[in-house]
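Visitor: A predicted structure for the sequence below; I have some questions about it.
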Amino acid sequence: MIILGIESSCDETAAAVVESGRQIRSSIIASQVDTHAQYGGVVPELASRMHIEAIEPVVDKAIVEAGISLDQIDGIAATRGPGLIGALLVGFSFAKALAWGRDLPLAGVNHLEAHIYSLLLLEEPPQFPFIALVVSGGHTNIYHVTSPHQFELLGQTRDDAAGEAFDKVSKMMGLGYPGGPVIERLAKNGDPNEIKFPRSMLEKDSLDFSFSGIKSSVARYLHLHPDMDEADQATVAAGFQAAVIDVLSKKLILAARSRKCKQIGIAGGVSANQTFAAALKDRSAKHGIKVFSPPLPLCGDNAAMIAARGFTMIQNNELCTPDHDVFSRTKI
Ligand code: KG4
Ligand code: ZN
């Protein structure tokens, strides 16, 4: 079965062709990041307009690169939510029109479940059950994934998402958007132990997160040290990143141990952080826990993961009808 996946929940217009739920024939991502960077973050109205311009050429390119024709597609999967409503509407409406026009089944995919499916696209994927962290600019959610269709939410952020904290700290330091990659690069030249930023663990055994305290603490530090050179900035970046990694790793290992899982998967934009992935692998190994992370092109938003999730939904007959609409909030 050949599935066309479409993703437009935030600032990437993406389309992919995936065969049998796992074989990626093509994966095209048109990023709007350079445009939004000029404004220091994603501007929803601009995102919608850019999706409208990009959607058709991106889908065409995915089909051409897969070496197939439109007639060979057996089903369509598109992100239904959560995300920016105007942005979601572009991809989902396009997918609806294509599906009804060609009499194809349409799966309306939950974007967070799809991020978990980026782990199932690995050559050696985690086996069920496993613990999954979806960590991005909008979410920091821990799930107990017990089957291809069951995602139990164990914990989530009570304020900022981890990626959002990276973006805000970067902005405060005048380093631009997105913050994750630039903070990670800078942190390589700093001592992570020199400044001890707070680790908010919340109540004992809680699997929820709070990153606003770390962010405020960095803001305070920057206020008290206005004249920083690059070495000082590297020290702040390393200290901040270490605090975030520490909290994420501790909570994930706690989740795995409490659910007696020997596997943890990380997905979403922040999972591209190699310092995080390496630290988590190191710490988890001490508990006999194996860590999985997607290849870099599948860490951030992409349509291959949408097609992979859509494949199992179509197999399961979980299909959209014309009255289905997009949704902005988390549903799992
Ligand atoms: O999943 P994603 O592409 O989009 C959504 O938010 O859904 O994630 C983007 C987020 C941004 O906050 C960005 O700063 C963060 O992922 N990010 C990183 C890294 N690369 C991207 N955070 C930390 N380290 C990175 N290397
Ligand atoms: Zn995402």
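Guide: Alright, I've got the coordinates. Ligands and ions are numbered 1, 2, ... in the order given.
Visitor: Please make it C-alpha for all contacts and neighbour counts, starting now.
Guide: Will do.
Visitor: in the stretch 101-250 of the chain, which spans are helices?
Guide: 111-120, 162-172, 179-187, 212-224, 230-258 (DSSP state H, counting those that start in this stretch).
Visitor: Please name every helix or strand in contact with the third one.
Guide: The reference is to helix 179-187. Judged by 3 or more CA pairs under 8 Å, 6 or more residues apart in numbering; DSSP states H and E, the packing partners of helix 179-187 are helix 162-172, helix 230-258.
Visitor: near ligand 1, anything from that helix?
Guide: Yes. For helix 179-187 and ligand 1, the contact criterion (CA under 6 Å from any ligand atom) is met by 179, 180, 181, 184.
Visitor: which other residues reach stretch 132-148?
Guide: The contact list for stretch 132-148 (CA atoms under 8 Å, 6 or more residues apart in numbering) reads 112, 115-116, 128-131, 151-157, 160-164, 167, 207, 209, 252, 255, 259, 264-271, 300, 312.
Visitor: for stretch 306-317, same thing?
Guide: For stretch 306-317, the surrounding residues in contact (CA under 8 Å, 6+ apart) are 3-7, 16-18, 20-22, 75-79, 105-109, 111, 113-115, 117-118, 121, 148, 319.
Visitor: tell me how far it is from the chain's mean position?
Guide: The chain centroid and the centroid of stretch 306-317 are separated by 19 Å under CA atoms, centre = their mean, to the nearest Å.
Visitor: right, so the helices of the stretch 101-250 of the chain: which one is the most enclosed?
Guide: Stretch with highest mean neighbour count among the helices of the stretch 101-250 of the chain: helix 111-120 (a mean of 26; mean count of other CA atoms under 10 Å).
Visitor: other SSEs contacting that helix?
Guide: Looks like helix 111-120 contacts strand 75-81, strand 130-135, strand 263-267, helix 304-315 (3+ CA pairs under 8 Å, 6+ apart).
Visitor: Make JSON lines from the ones you listed and add distance to ligand 1 and mean neighbour count to it.
Guide: Output for the helices and strands packed on helix 111-120, formatted as JSON lines (distance: least, CA to the nearest ligand atom, whole Å; neighbours: other CA atoms under 10 Å):
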{"stretch": "strand 75-81", "distance to ligand 1": "11", "mean neighbour count": "28"}
{"stretch": "strand 130-135", "distance to ligand 1": "7", "mean neighbour count": "27"}
{"stretch": "strand 263-267", "distance to ligand 1": "8", "mean neighbour count": "26"}
{"stretch": "helix 304-315", "distance to ligand 1": "12", "mean neighbour count": "28"}
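Visitor: And the ones you listed: which comes nearest residue 97?
Guide: Comparing those by their distance to residue 97 (CA to CA), the top pick is strand 75-81, with 10.5 Å.
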